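S.K.: predicted model and sequence follow; I will ask about them next.
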Amino acid sequence: MTAPIPHPPSAFPGPLGAGDLAAEISAQLGTRLGRVRLHGFRRPAPPPPTLVAVAHGSRDPRALPTVRALLDRVRALRPGLPVRLGHIELNRPLLADTLAELDGAAVLVPLLFGRGHHVTHDLPAALTGAPHLTGGVAEPLGPHTLLAEALHGRLLEAGFPDGRGPRSAVVLAAAGSRAPRSAQDTERTAQLLSARLGGTPVLPAYASALPSPAATPARDASRRPSPIAPTVPDAVRELTARGHDRIAVASCFTAPGRFATQCAAAAPGTASAPLGDHPALARLVLHRYDQALLARTGSGPERTKAATVAV
């Protein structure tokens, strides 16, 4: 039997917990089942569904190379898995064009961090618009401990101290969404990052703003939601009022773009880079893909929660 591909050690100290052990077993079992021989012959395995990573898109010229670097790392972790890219807007290939070129099965993995409109509406609609495909939409990348690991890693690279200090705090900068579940996801990610930082306060904040009144039809005026709050400057002011004067901004964005630049500019000190091709983010992309496959095959909820790429 071929030796398993080595993986970098997890940044979490200590022995594997029950959930981590289940994840490791799930990943290793999935790898080995494809190599089972029946009566001396290797069983032909059907091709795996294509992993379609869905990025938002940006006019920033750095965005597309950054996303491509992330997918290169995903391919390196799972050789033989077909991985394609599609954008919601602004960059090519657009998602609809990517789906039109595929056949068989596909799993759309959003490179987004909460259950906003793109995840709950646009991606399912795109899959419905490709009736020649079978497949599903994976969960967004947040919240998850692997996301907290990537955010922590980028903060350390930017020079944020590794350890709790009474004057230190972090603003978790996200794109934001008016969907209540998206805000809940960002808040949970902030909690996970705080735990990763040894209890350092982490306050979620947002870059989004409401469209101008002229952009909203008058008939919808009674249903206009409240502005997304707090903004990054608001969060910095709140943490300063609490006595924190070493405040960093953690960039919860896949790639450079207008929102990431705007949030970094509001940082009073350290601002981390977008997550890009951080190894933990690549493992998280595969974890969401694996979860979606298990859900599609009718596996139980505990197995679905446990699925991940080996770490």
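M.R.: In hand now; what should we look at?

S.K.: quick check: buried residues in stretch 260-277?
M.R.: 260-261, 263-264, 266-268, 270-277 (16 or more other CB atoms under 10 Å). (C-beta placed from N, C-alpha, C; glycine too.)

S.K.: of those, which belong to helices?
M.R.: The members of these that map onto helices under DSSP state H are 260-261, 263-264.

S.K.: for the protein, which residues score under the pLDDT cut-off?
M.R.: The chain contains residues with pLDDT under 70 at 1-44, 208-227, 297-311.

S.K.: what does stretch 83-93 contact?
M.R.: For stretch 83-93, the surrounding residues in contact (CB atoms under 8 Å, 6 or more residues apart in numbering) are 50-59, 63-64, 67-68, 71, 74-75, 94-99, 102, 108, 118, 122, 126.

S.K.: for residue 135, which non-adjacent residue is closest in space?
M.R.: residue 106 (4.1 Å; CB to CB, 6 or more residues apart in numbering).

S.K.: mind listing what the helix or strand encompassing that neighbour pairs with, with the direction of each?
M.R.: Assigned by DSSP states H and E, residue 106 belongs to strand 104-110. Strand 104-110 has its sheet partners listed here by DSSP bridges as strand 50-55 (parallel), strand 133-137 (parallel).

S.K.: out of these, nearest to residue 169?
M.R.: Nearest to residue 169, of all these, is strand 50-55, at 30.0 Å by CB to CB.

S.K.: contacts for the closest one, please.
M.R.: Contacts for strand 50-55 (CB under 8 Å, 6+ apart): 63, 67, 70-71, 74, 81-88, 91, 95, 98-99, 102, 104-112, 123, 254-255, 285-286, 289.

S.K.: what subset of these is buried?
M.R.: Neighbour counting by 16+ other CB under 10 Å classes 63, 67, 70-71, 74, 83-88, 91, 95, 98-99, 102, 105-112, 123, 254-255, 285-286, 289 among those as buried.

S.K.: return the subset of these lying in helices.
M.R.: Reading helices off the buried ones among the contacts of strand 50-55 with DSSP H, I get 63, 67, 70-71, 74, 95, 98-99, 123, 285-286, 289.

S.K.: which one of the residues you listed is nearest residue 182?
M.R.: residue 123 (13.8 Å).

S.K.: so where do the helices sit in the chain?
M.R.: According to DSSP H, the helices that the chain contains are 18-33, 63-77, 95-100, 117, 123-128, 145-157, 180-196, 232-241, 258-265, 279-296, 301-306.

S.K.: thanks a lot, see you next time.
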